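*Asks:* Have a look at this fold, sequence not included:
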């Protein structure tokens, strides 16, 4: 009987946070749309006051999304237009907005397992709290602090399949992906960008993986120009090529690499 009561209580609590989080996401997203619209779009200069409000809305969403990542992922699946809106704007935003937006992308495509994903979510937490962004804290240590407030449980699957919205990054023939790599992976927000791309790889279809890997390999010839900035790039490529999904074989990864090493990519490398 006690077990039954506990299950009922747990389900009620989960439902409560699901409804509350969805309401909070909708409210803050509405505020973001309104503030960007009043500024005339992302391409126009945003006043300092409005910029602060935009960052505040992004940070509020981030805090809730970090606490219960599944609720945020479910919201994104229902409102894929918001991710498209953010992707279109991230290339024109101020640095602080970019960091928060990349953190939201990171949580949107969070895949909740192995060492790399633990670093991924820990880095997202650091962005919200303003603490050291080294990613050295593990998700497990954070979950020990998550008690009766509806946060993720380490005993449950901590992510949602995001294949339904991940293709927004492969739009325009992969231009968004290439631009994302140029703007972020090899520039000032490399750690955050690496986490986002790792999540895209996990959730994406074979076609997106092919587009993504080809875009990364096309940058090889330019790497010397970036100096020490290539650390995250090389770590990411090594991680992607070394990660073989449970339902896939190493042969499939090798076939993917062979497909990506087309004449255009080979010319870029040599």
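*Replies:* Thanks, I have the structure now. What you are looking at is a predicted structure, and each value in this text was computed from that prediction instead of being measured.

*Asks:* ok, residue 241 touching residue 254?
*Replies:* No: in this structure residue 241 lies outside contact range of residue 254 using Cβ atoms under 8 Å: 9.1 Å. To be clear about C-beta, it is placed using only N, CA and C from the backbone, and glycine gets the same treatment.

*Asks:* Which of those two has more residues huddled nearby?
*Replies:* residue 241 (15 against 12; other Cβ atoms under 10 Å).

*Asks:* Can you say which helix or strand has that one in it?
*Replies:* Secondary-structure element containing residue 241, defined by DSSP states H and E: helix 231-242.

*Asks:* Need the contact partners of that helix.
*Replies:* The set of residues external to helix 231-242 that reach it, using Cβ atoms under 8 Å, 6 or more residues apart in numbering, is 116, 185-186, 190-191, 193-194, 197-198, 201, 212-213, 216-217, 219, 223, 226, 253, 257.

*Asks:* For the residues you listed, I'd like a selection string for PyMOL - just the buried members, please.
*Replies:* In PyMOL, this line selects whichever of the contacts of helix 231-242 come out buried by 16 or more other Cβ atoms under 10 Å:
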select buried, resi 116+185+186+190+191+193+194+197+198+201+212+213+216+217+219+253
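
*Asks:* out of the contacts of helix 231-242, which are inside helices?
*Replies:* 116, 190-191, 193-194, 197-198, 201, 212-213, 216-217, 223, 226, 253, 257 (DSSP state H).

*Asks:* on that earlier part again, residues of the helix holding residue 241 that come out buried?
*Replies:* Going by neighbour count (16+ other Cβ under 10 Å), the buried part of helix 231-242 is 232-233, 236-237, 239-240.

*Asks:* Mean confidence (pLDDT) on it, please.
*Replies:* Mean pLDDT, taken over the full extent of helix 231-242, equals 86.

*Asks:* what sits against residue 33?
*Replies:* Contact analysis of residue 33 by Cβ under 8 Å, 6+ apart lists residue 85.

*Asks:* How far away from the center of its chain is the helix or strand where it lies?
*Replies:* Assigned by DSSP H and E, residue 33 belongs to helix 2-38. Averaging C-alpha coordinates over helix 2-38 and over its chain gives two centres that are 20 Å apart (Cα atoms, centre = their mean, to the nearest Å).

*Asks:* same deal with stretch 61-76?
*Replies:* For stretch 61-76, the distance to the chain centre is 11 Å (Cα atoms, centre = their mean).

*Asks:* Now do the end-to-end distance for that stretch.
*Replies:* Its start and end residues considered, stretch 61-76 measures 12 Å (Cα to Cα, to the nearest Å).

*Asks:* Please identify which of the buried residues of helix 231-242 is nearest to residue 35.
*Replies:* Residue 35 has its nearest neighbour among these in residue 232, at 31.0 Å by Cβ to Cβ.

*Asks:* buried residues in the helix holding residue 33?
*Replies:* Result for helix 2-38 [16+ other Cβ under 10 Å]: buried residues 14, 17-18, 21-22, 24-25, 28-29, 31-32, 35-36.

*Asks:* What is the nearest of those residues to residue 42?
*Replies:* residue 36 (6.2 Å).

*Asks:* so the closest one makes contact with residue 53?
*Replies:* No: Residue 36 lies out of contact with residue 53 (Cβ under 8 Å); the separation is 10.4 Å.

*Asks:* Could you measure from the closest residue to residue 183 other than its chain neighbours over to residue 35?
*Replies:* Setting aside the residues directly before and after it, residue 183 is nearest to residue 91 in space (Cβ to Cβ, 6 or more residues apart in numbering), at 5.8 Å. As judged by Cβ to Cβ, to the nearest Å, residue 91 and residue 35 stand 18 Å apart.

*Asks:* show me what contacts residue 187?
*Replies:* Under the criterion of Cβ under 8 Å, 6+ apart, the contact partners of residue 187 comprise residue 229.

*Asks:* Residue 193 touches residue 179, doesn't it?
*Replies:* No: with contact defined as Cβ under 8 Å, residue 193 and residue 179 do not form a contacting pair (11.4 Å).

*Asks:* How much space separates the closest residue to residue 199 other than its chain neighbours from residue 51?
*Replies:* Nearest non-adjacent residue to residue 199, counting by Cβ to Cβ, 6+ apart: residue 109, 3.0 Å away. Counting by Cβ to Cβ, the gap from residue 109 to residue 51 is 26 Å.
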